[in-house]
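Engineer: Take a look and give me a structure for this.
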Amino acid sequence: MPTQESSPVAAAEAKSLFSDLEHLPALVLAVSGGPDSTALMVLTSRWRKALKRKPALLAVTVDHGLRAAAKREAAAVGRLARKLGIAHRTLRWSGAKPKSGLQEAARAARYRLLADAARKAKAGHILTAHTRDDQAETVLIRMSRGSGMSGLAAMARISAVPGDGEGQIKLVRPLLDIPKVRLVATLKAATIPFADDPSNRDPRFTRARLRGLMAELAREGLDARRLSLLARRLKRADLAIEAAVERAASELARPASAPGEAFDAAAYARLPAEIALRLLGRAVARIGDEGPVELAKLEALTAALAAAQKAGTAGFRRSLAGAIVTLDGPEITVERAPPRHGRPLTTRRRGNAKPAKSR
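Structural biologist: Have a look, this model is predicted:
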C-alpha cells in the first residue's frame, strides 16, 4: 500500500499546488517528456479544468539536438498535450554545440528558448517540474562548489528566468516540495507513459553522479527531505540577513562625489561580518561591469578592507568585477573601474604608489 511519500498526487492537492496562479491569463509549461514534466502537464491540465476562468496553457518541448530519441519524445509530448487540450510547440537548439560545459550550455539555451516562447505567448510565467529530489541534488552540487548561504538556499518556488536580461518572465516551480516518486505514481495510476532520458544517469555529469549517491546518503539520514528542509531554513535566514543589509545600506549611504556609491567607513567597520560582506558585494555588483561577483574574491577583498581599516592604512584601493573599492578617510567608495589598458592599479596614493596586480 503506498504511503503519503509515494502515493499519486490527488486533485485537491494539485489545486493547492497551483492556487497562486489562478489569476494569470497564460502559462508556459516546460515539458521534456520525462516523468516529472509529464506529470506537471497532467496535473496542470486537471487543475485548469476545475477553474471558471481558465488560463491559456502552452507546453514547450526543447529539442537540444543531442539525442536521436529527442524528436520522437517531443512528438509524444505533443500527442499527449492535444489529448489534454493544451497547445504544444517544439523548439530546437540549433548551431554548434560546445565540447565542454555541454549541460550548462544546454540549460542556458533551454531557458532562452522558453523565455522567447513565453513572450510570444504573452505569458509572464514558465512552469518547470523541479521536484524535492532536484532541490536536494542542487544543495549537494552547490555545497561541493563552496557556495555560501544564498547558494545553499537553492531553488525558490518563484524566481527570475536564468539569463533573461529583460527580467519580465518568472520561473515557477509548483512541484518543488513533491518527491519524484509521487509524480511517477501519478502517471502510473493514469496509465500515462513517459520518456527515460539516459543522460540523467550519465556519470560524466555532476548531477548524475550525485544522484547515484542519494540512496547511500539517505541510509545515513541525509535524504532529499532533509536536504530540502536545510534549503528552506537557509532561505529563511538568508532573507533575514538581506533585510539587515537593506537597513545598513540606507543608514550608511553617503553622497558620492563621482558616479558610484559611498559608505560611512566607521559605521561600516562596526557591521557584522556577513552584512558588511553583502553590502560591499551589492555595491560592486551594481557598479561593476564584469559579471557576477565571485564569493571567494569578495571575501578576500572584504578581509583586506577590514585589515586596512584596523591598521589605519591610507589610500586602500582594490578592484573587483569591474569596480574599484577605495578607503579614503571617512568614506568607502565603490566606482566603475576605468577601461583596461594593461595599466596596473595601485594600493596607495599617487606619489607613493606601489604596483599591484593588473585587473
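Engineer: Could you pull out the buried residues of the lengthiest helix in the chain?
Structural biologist: Assignment by DSSP state H gives helix 224-252 as the longest helix of the chain. For helix 224-252, the neighbour count (16 or more other Cβ atoms under 10 Å) marks 224-225, 227-228, 230-231, 234-235, 238, 241, 245, 248-249, 252 as buried. The way it works is simple: take the backbone N, C-alpha and C, and place the C-beta from them, glycine included.
Engineer: And the protein, what are its domain boundaries?
Structural biologist: The chain breaks down by automatic domain parsing into domains covering 11-233, 255-359.
Engineer: what does the helix or strand containing Ile126 contact?
Structural biologist: Under the criterion of DSSP states H and E, Ile126 resides in strand 125-127. Applying Cβ atoms under 8 Å, 6 or more residues apart in numbering, the contact partners of strand 125-127 are 21, 24, 27-30, 40, 44, 114-115, 118, 161, 169-174.
Engineer: nearest spatial neighbour of Pro98, skipping sequence neighbours?
Structural biologist: Distance criterion Cβ to Cβ, 6 or more residues apart in numbering; nearest residue to Pro98, sequence neighbours excluded, is Ala105 at 5.0 Å.
Engineer: The one you found and Gly34: what is the separation?
Structural biologist: Separation of Ala105 from Gly34 (Cβ to Cβ, to the nearest Å): 20 Å.
Engineer: Look at these two and report which has more neighbours.
Structural biologist: Gly34 (19 against 14; other Cβ atoms under 10 Å).
Engineer: Next one: the more buried one from Val184, what distance?
Structural biologist: Relative to Val184, and taking Cβ to Cβ, Gly34 is found at 10 Å.
Engineer: Kindly report the same for Ala243.
Structural biologist: Per Cβ to Cβ, Ala243 is found 39 Å from Val184.
Engineer: quick one on the thing from earlier: shared neighbours of Gly34 and Val184, anything?
Structural biologist: Listed as contacting both Gly34 and Val184 by Cβ under 8 Å, 6+ apart are Phe194.
Engineer: Would you confirm that Lys122 contacts Ala26?
Structural biologist: Yes - counting by Cβ atoms under 8 Å, Ala26 is a contact partner of Lys122 at 5.8 Å.
Engineer: ok, those two, which is more surrounded?
Structural biologist: Ala26 (14 against 9).
Engineer: From Pro259, how far out is that one?
Structural biologist: 40 Å.
Engineer: Also Ala267?
Structural biologist: Distance, Ala267 to Pro259, by Cβ to Cβ: 22 Å.
Engineer: Please say which of the two ends up with more neighbours.
Structural biologist: Ala267 (14 against 8).
Engineer: Just say helix, strand or coil for Ser32.
Structural biologist: coil (DSSP: H, G, I helix; E, B strand; the rest coil).
Engineer: Just list the residues touching it, thanks.
Structural biologist: 61-62, 73, 77, 195, 197.
Engineer: possible to save the residues you listed as JSON lines with secondary structure?
Structural biologist: Formatted as JSON lines, the contacts of Ser32 follow (three-state DSSP):
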{"residue": "Thr61", "secondary structure": "strand"}
{"residue": "Val62", "secondary structure": "strand"}
{"residue": "Glu73", "secondary structure": "helix"}
{"residue": "Val77", "secondary structure": "helix"}
{"residue": "Ala195", "secondary structure": "coil"}
{"residue": "Asp197", "secondary structure": "coil"}
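Engineer: Look up phi and psi at Arg318.
Structural biologist: Main-chain dihedrals, Arg318, degrees, to the nearest 10: phi -140, psi 150.
Engineer: nope, Ala14 is what I was after
Structural biologist: According to degrees, to the nearest 10, Ala14 has phi -60, psi -40.
Engineer: give me the number of residues near the nearest residue to it once chain neighbours are set aside?
Structural biologist: Excluding its sequence neighbours, the residue lying closest to Ala14 (Cβ to Cβ, 6+ apart) is Leu43, at 4.6 Å. Neighbour count of Leu43, defined by other Cβ under 10 Å: 26.
Engineer: From Asp238, how far out is Leu43?
Structural biologist: 29 Å.
Engineer: try Ala30
Structural biologist: Look at Ala30 and Asp238: by Cβ to Cβ, they are 26 Å apart.
Engineer: rewinding a little: among the buried residues of helix 224-252, which one lies nearest to Ala154?
Structural biologist: Ala231 (4.2 Å; Cβ to Cβ).
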